Structure formats: C-alpha cells, structure tokens
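A.B. asks: pasting the sequence and the predicted coordinates here, then a few questions.
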Amino acid sequence: MDAVLVLFCRRPRLGEGKQRLSRALGASAALTISRALLDCALEDAAAWPGALVIAPYGTADATWAAGLLARAVAVQPQPGGNLGERLSAVDAAVRALGHERLLFIGSDAPSLTVPDLSAAAAALERSDVVLAPAQDGGVTLMGARCGWPDLAPLPWSEPSLGRALESACRARGLSVTQ
C-alpha cells in the first residue's frame, strides 16, 4: 500500500499560532508568514501522488480543511492534548482506515519538497520509522509503517525533540532512518 501524507495545520488567524514569531515581528507579520507557510505545504500536498489527509487543529476547522485543495482529501481533525497526543490520535485514526505507511508533515517546513516526501516514503520500505531532522533540533517530517511509541512525554518544540523521538523509537525496537 502506498504511503499516505498527513498534513498537520492550523487555520491562519490573527493572534493565533506562531506565537514566537508574533512576539518578535508582530501579529500581522506572523499571520502573513503563517499563510505563506501553509500555502507552501499545500502546494506540496497537492502534488503528492498518494492519498492525502489534512489534520486541522480542531474540529471547528474541518470544513475549511476539506476545501483547501481541488484534489480529494480526507480530513481528520486533531483532538485536544499536546502535539504528541494529537499525533498519536490522528495516527491511530488513519491506521484504522487501513493505511499502514504514514508520513506526517506540518505547515512550517518550506524546505521539504515532493521528492523529499517520496524519498521518505521509499525509506519506509526498509525501515520502521523515517525522520527528517530540522535545523533547530526538531523534525520536519516523521513517518512510520507501524504505530508510534508514546509521543506524549516527548519535548515538543524543544531542541532535544529529534534525539528524544529517535531514542523513543529505538527503545521500542523500531528501526529508524534519518
């Protein structure tokens, strides 16, 4: 079965999301950047040849998410909780639909390209988990062909996330490709 691309995103709204940018540049500039980042992620999602799931931040934005692209998409809203809890819940819901290989991206990694996504999907043919490290110590992409270890306690939005995520996967006996 082909890999499914899962896009985690927030609906750009003035004063919501991108709080660090907002503090540094102001709410209006943060909103402009948020919109541009989402547009970049949607461009890649539109070009993705496989199944696509958009996971908006909350059920209130499900209709908005369903209309973001001209192509067919499934919508799986993120439930409450920290990012690890939300990722785990969406992962379980998408796997319950029969999908096995899932690639998760956010709307804040403009350096990712469709060839990067395709390479990550190919890596899941030989590895349980694929992680694309970010310059800040996090990850720009995380993919798995099986359920994740417990993601809730990981240090989300911290420079140690990438190492912690890899360690959690390896501790569960999963093979990891970066």
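C.D. replies: Here it is on my side, so go on. Residues are numbered from 1 along each chain as shown.
A.B. asks: show me where the chain has helices.
C.D. replies: Using DSSP state H, the helices of the chain run over residues 19-25, 27-47, 62-66, 83-96, 114-123, 161-171.
A.B. asks: contacts only, for the nearest residue to residue 153 once chain neighbours are set aside.
C.D. replies: Nearest non-adjacent residue to residue 153, counting by C-beta to C-beta, 6 or more residues apart in numbering: residue 84, 7.1 Å away. (C-beta placed from N, C-alpha, C; glycine too.) Residues in contact with residue 84 (C-beta atoms under 8 Å, 6 or more residues apart in numbering) are 150, 151, 152, 153, 154, 156.
A.B. asks: in contact with the fifth one, which residues?
C.D. replies: If I follow you right, that is residue 154. Applying C-beta under 8 Å, 6+ apart to residue 154 gives the contacts 84, 161, 164, 165, 168.
A.B. asks: tell me how far the most far-flung residue of the chain relative to its centre lies from residue 32.
C.D. replies: For the chain, the largest distance from the centre (C-alpha atoms, centre = their mean) belongs to residue 26, which lies 25.4 Å off. Distance, residue 26 to residue 32, using C-beta to C-beta, to the nearest Å: 10 Å.
A.B. asks: before we move on, back to that, how near is the residue farthest from the centre of the chain to residue 17?
C.D. replies: Residue 26 is 14 Å from residue 17, by C-beta to C-beta.
A.B. asks: ditto for residue 171
C.D. replies: In terms of C-beta to C-beta, residue 171 sits 32 Å off from residue 17.
A.B. asks: who has more neighbours, these two?
C.D. replies: The neighbour comparison of residue 171 against residue 17 (other C-beta atoms under 10 Å) goes to residue 17, with 19 against 9.
A.B. asks: quick check: phi and psi on the more buried one?
C.D. replies: phi 70, psi 170 (degrees, to the nearest 10).
A.B. asks: ok, it - contacts?
C.D. replies: When contacts are taken as C-beta under 8 Å, 6+ apart, residue 17 is in contact with 10, 30, 34, 57.
A.B. asks: pLDDT-wise, what's the bottom of those?
C.D. replies: Across the set of the contacts of residue 17, residue 30 stands lowest in pLDDT, at 93.
A.B. asks: that one and residue 11: what is the separation?
C.D. replies: From residue 30 over to residue 11 the distance is 14 Å, taken as C-beta to C-beta.
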